[in-house]
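**Student:** predicted coordinates and the sequence they were generated for:
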Amino acid sequence: MDVIIQGKVLAAVLVIAATMGAVVNKTHFCTMGAVSDWINMGDTGRMRAWLLAIAVAMTGVMVLEATQILQLNDQTFPPYLTGSFAWPRYLLGGLLFGLGMVLASGCGNKTLVRLGGGNLKSLIVIFAMMVSAYSMMWMPLYEKVFLPWLQPLTWDLPIRGIETQKLSTIIASGIPMGSNKVLLGTSIQAIALLFLWVFVFKSKEFRTSFDNVLGGVVVGMAVVGGWYLSAGPLGQSWQEAAQMSIEVPSRVQAQSLTFISPLGDILRFFMNPTQFYLINFGMVTVVGVVVGSWVWAISSGNFRMEWFTSLTDFLNHIVGGILMGLGGVLAMGCTIGQGISGLSTFALGSLLTFLAIVMGAVMMMKVRYWIILRGS
């Protein structure tokens, strides 16, 4: 493969991820914290920041597609727009991930940011995520435990006359013939996006919170940057070079930021450290977030070492990491991978995963609150 093109792509995504890591550390952007603030305190600031990131990413992708700079299809990694609609995996995977991120005190992205800030608990969580993600991706766990009952429940959308699970495509399938289906579907999609923007900035408290706005904008733009980099002009050259390569590199596809499957890929690389072609886009994003967070933590004087306070704390984080690894691979993404990158494609499966993650997080928060009350 052309190492110059590969180097450019990986260097660029390293910068994008490092910038995001630094900003997330500075602004305390946190999807688990967003749910916790909302449920426990009625504070919607960080939830609106998450929704702002989604709105920015959706808008960016719509603009890039409208200007023909990129065109996303069902060949992305993960395949957000696949016509194979395995709705149970989105719901169960999202639920497991939501449960896990509460036990582990943060999602995959936040765990990486905390590691950069000196939190050594994150090393244990990352290792647990790595092992469980690797087991799902590169061992027969998924095929033996999940696939047998998932396959019969999966809907084949093309058989139903729907090419992909993109919301505009699904909407267009229900519009009578003779109408401009694509235009109408996209218009409805754009109206829904407009409502999202209005909702986010409806709160004066949010509008005046520099950190929340900054965090949402930068995370959303990082996702747009990932899509542009991997599927835009440079990304197309990157993919063409990979197709002509004798030694096929890993994950050379249109993609954006996601943090669970790359951890499984990192463990795979550790087991084959001389096979440099295994180093891929997602793995570099993981490193970039940690580096960016570390740079911010050191430069701002906020680098703090932290360890577990008890055996229970240790076990909670281990279980949380395992659940996030399993759920993240099963759902094909995390709070960033599905909750922002996936939603930026307007995929129905991404919406289901987002809702399931929030539901899982709320359930675990309620359970932990009940346990505390019972013990007091």
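**Tutor:** Nice, thanks for sending it over.

**Student:** please report phi then psi for residue 203.
**Tutor:** phi -80, psi 120 (degrees, to the nearest 10).

**Student:** how about the residue nearest in space to the middle of the chain: what's its closest non-neighbour residue?
**Tutor:** When CA atoms, centre = their mean is applied to the chain, the residue found nearest the centroid is residue 337 (1.5 Å). Nearest residue to residue 337 in three dimensions, chain neighbours excluded: residue 258, at 2.9 Å (CB to CB, 6 or more residues apart in numbering). Where C-beta positions appear, they are placed from N, C-alpha and C, glycine not excepted.

**Student:** longest single helix anywhere in this protein?
**Tutor:** Longest helix of the chain, by residue count under DSSP state H: helix 348-375.

**Student:** quick one: average pLDDT of it?
**Tutor:** Taken as a whole, helix 348-375 has a mean pLDDT of 92.

**Student:** what residues sit buried inside that helix?
**Tutor:** For helix 348-375, a neighbour-count test (16 or more other CB atoms under 10 Å) marks 348-362, 364-365 as buried.

**Student:** same thing with stretch 228-236?
**Tutor:** By 16+ other CB under 10 Å, the buried positions in stretch 228-236 come out as 228, 229, 230, 231, 232, 235.

**Student:** okay, those residues in CSV with secondary structure and distance to residue 200 next?
**Tutor:** Formatted as CSV, the buried residues of stretch 228-236 follow (DSSP: H, G, I helix; E, B strand; the rest coil; distance: CB to CB, whole Å):
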residue, secondary structure, distance to residue 200
228, helix, 23
229, helix, 26
230, helix, 27
231, helix, 26
232, coil, 27
235, helix, 29
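
**Student:** which one of the residues you listed is nearest to residue 253?
**Tutor:** Using CB to CB, residue 230 is the member of those that lies nearest residue 253, at 7.1 Å.

**Student:** wait, that closest one touches residue 251, no?
**Tutor:** No: between residue 230 and residue 251 there is no contact under CB atoms under 8 Å: 9.4 Å.

**Student:** mutual contacts of those two, please.
**Tutor:** Shared contacts of residue 230 and residue 251, defined by CB atoms under 8 Å, 6 or more residues apart in numbering, comprise residue 281.

**Student:** any idea which helix or strand in the protein has the lowest mean pLDDT?
**Tutor:** helix 167-173 (a mean of 81; mean pLDDT, DSSP states H and E).

**Student:** quick check: buried residues in that helix?
**Tutor:** By 16+ other CB under 10 Å, the buried positions in helix 167-173 come out as 167, 168, 169, 170, 171, 172.

**Student:** other SSEs contacting the longest helix of the chain?
**Tutor:** helix 31-36, helix 87-103, helix 167-173 (3 or more CB pairs under 8 Å, 6 or more residues apart in numbering; DSSP states H and E).

**Student:** one more time with 7 Å
**Tutor:** For helix 348-375, the packing partners by 3 or more CB pairs under 7 Å, 6 or more residues apart in numbering; DSSP states H and E come out as helix 31-36, helix 87-103.
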